[in-house]
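Engineer: Any chance you can model this:
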Amino acid sequence: MDATQLAGLITIGSPIPKGTCSMAVITQIQQGGLVSKRLKKRYKTALKAFLGIL
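Structural biologist: Okay, here's the model as predicted:
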């Protein structure tokens, strides 16, 4: 997919990244997901795989 095709998929109201956050914030979010009692097991499994924790 090239940039023109990608741009064609963006419609009014599409979520567009607006900024960045620090690695500390990302780490807190990831660690929160690992200890959450409300996050489904399949998402925790995916998060662990992404983080290399198995």
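Engineer: Go ahead and report the secondary structure state at residue 37.
Structural biologist: coil (DSSP: H, G, I helix; E, B strand; the rest coil).
Engineer: Could you give the number of residues near it?
Structural biologist: Close neighbours of residue 37, defined as other CB atoms under 10 Å, add up to 4. Any C-beta I mention is one placed from the backbone N, CA and C, and that applies to glycine too.
Engineer: got it, and residue 23?
Structural biologist: 8.
Engineer: for residue 44, same thing?
Structural biologist: Neighbouring residues of residue 44 were enumerated by other CB under 10 Å; the total is 15.
Engineer: Please identify the buried residues of stretch 17-37?
Structural biologist: Buried residues in stretch 17-37, defined by neighbour count with 16 or more other CB atoms under 10 Å: residue 33.
Engineer: For the chain, give me the ranges with low pLDDT.
Structural biologist: Flagging of the chain using pLDDT under 70 yields an empty set of residue ranges.
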